[in-house]
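A structural model of the following input is requested.
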Amino acid sequence: QESTVKNINMRVHRASLTVVVGPVASGKSTLCKGLLGETPVARGQVLIDTLEGGIGYCDQTPFLFNKTVRENIVGFSPYDPTRYAEVIEVCLLAHDISLLPSGDDTVVGSQGISMSGGQKLRVSLARALYAPSSLLILDDIFSGLDADTEEQIFYRVFGSHGLLRRRGTAAILCTHSVRPLPSADQIIALDENGRPVNGKGLQSL
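Model (predicted):
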């Protein structure tokens, strides 16, 4: 069987943003799953140094547990009110939570209060940001947001003074949008066949 993504050569440094761009079905999600070890690698190696934390992941299809908003964000980590408030702010969730019947103690998910696609996405992103990860892999997380919300969250999370830069966290952001490109430390552009368009797979800015 032919490989989906080919000839990718990348090195991701701490506190850096790598943006992977390409059309639909170009292999961006496959690359994410390959880095997570969920997709087999036919040739080459995937080496990840996670000495100070694990790998955080946010899928393009947001998922919520049948638990409270707070439990969905905190996940399996200990509750830290400062860290929790931080991710609520950068994901623009304060207003949404204020409208819920019991605030962040409101149960959401299939058996609770229904949330919009954009709200689910921001809660899922907040969960990924709350976890103490040294590397974040984010797959098309802005597709369900309006342009203004996308711009605000991008600046707060990925900007030069954003949350991830302050923490020293590395991020790999897969997207079909060109909006994040000026802020990227490196760009990998895939064509429709899953190959890097510049021939080497790596373009430093």
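
from here on, contacts and neighbour counts on C-alpha atoms
Noted.

tell me which stretches of this protein form strands.
Ranges of strands within the chain are 17-21, 54-58, 133-139, 170-175, 186-189, 203-204, based on DSSP state E.

how many neighbours does the nearest residue to Glu150 once chain neighbours are set aside have?
Spatial nearest neighbour of Glu150, chain neighbours left out: Phe142 (6.1 Å); criterion: Cα to Cα, 6 or more residues apart in numbering. Using other Cα atoms under 10 Å, Phe142 has 24 neighbouring residues.

cool, and Arg179?
12.

go on, Leu100?
Here the number of neighbours of Leu100 (other Cα under 10 Å) works out to 16.

before we move on, what about Asp185?
If you count neighbours by other Cα under 10 Å, Asp185 ends up with 16.

pretty sure it sits against Ala15.
No: judged on Cα atoms under 8 Å, Asp185 makes no contact with Ala15 at a distance of 9.6 Å.

any idea how far the residue nearest to Glu150 lies from His13?
Distance of Phe142 to His13, given as Cα to Cα, to the nearest Å: 23 Å.

if we can go back for a sec, wait, which of the strands of the chain is closest to Asp148?
When the strands of the chain are compared by Cα to Cα, strand 170-175 sits nearest Asp148, at 16.7 Å.

ok, that closest one: who's next to it in the sheet?
If you go by DSSP bridges, strand 170-175 pairs up with strand 17-21 (parallel), strand 133-139 (parallel).

between the ones you listed, which gets nearest to Glu71?
Nearest of these to Glu71, taken as Cα to Cα: strand 133-139 at 17.8 Å.

how about residues contacting the closest one?
14, 28-29, 32, 50, 52-60, 128, 168-175 (Cα atoms under 8 Å, 6 or more residues apart in numbering).

next one: stretch 154-169
14-17, 90, 133-136, 170-171, 180, 183.

name the residues of that stretch that are buried.
Across stretch 154-169, burial judged by 16 or more other Cα atoms under 10 Å covers Phe154, Tyr155, Arg156, Val157, Phe158, Gly159, Leu163, Leu164, Arg165, Thr169.

apart from its neighbours in sequence, what residue is nearest Asp97?
I think there's a mix-up here, since residue 97 is Ile and not Asp. Gly103 (5.1 Å).

so how many other residues sit close to that neighbour?
16.

I'd like to know which elements the lengthiest helix in the chain is packed against.
Secondary structure of the chain per DSSP state H: the longest helix is helix 117-130. If contacts are counted by 3 or more Cα pairs under 8 Å, 6 or more residues apart in numbering; DSSP states H and E, helix 117-130 sits against strand 54-58, helix 69-74, helix 81-90.

closest one to Val46 among those?
The closest of the helices and strands packed on helix 117-130 to Val46 is strand 54-58. By Cα to Cα, the value is 13.4 Å.

what about dumping the CA coordinates of the closest one to PDB?
Provided in PDB are the C-alpha atoms of strand 54-58 (Å, rounded to 0.1, in the frame of the first residue of the first chain):
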ATOM      1  CA  GLY A  54       3.900  14.300  27.700                       C
ATOM      2  CA  ILE A  55       2.300  15.100  24.400                       C
ATOM      3  CA  GLY A  56      -1.000  17.000  24.200                       C
ATOM      4  CA  TYR A  57      -3.300  16.500  21.300                       C
ATOM      5  CA  CYS A  58      -6.500  18.300  20.100                       C
END
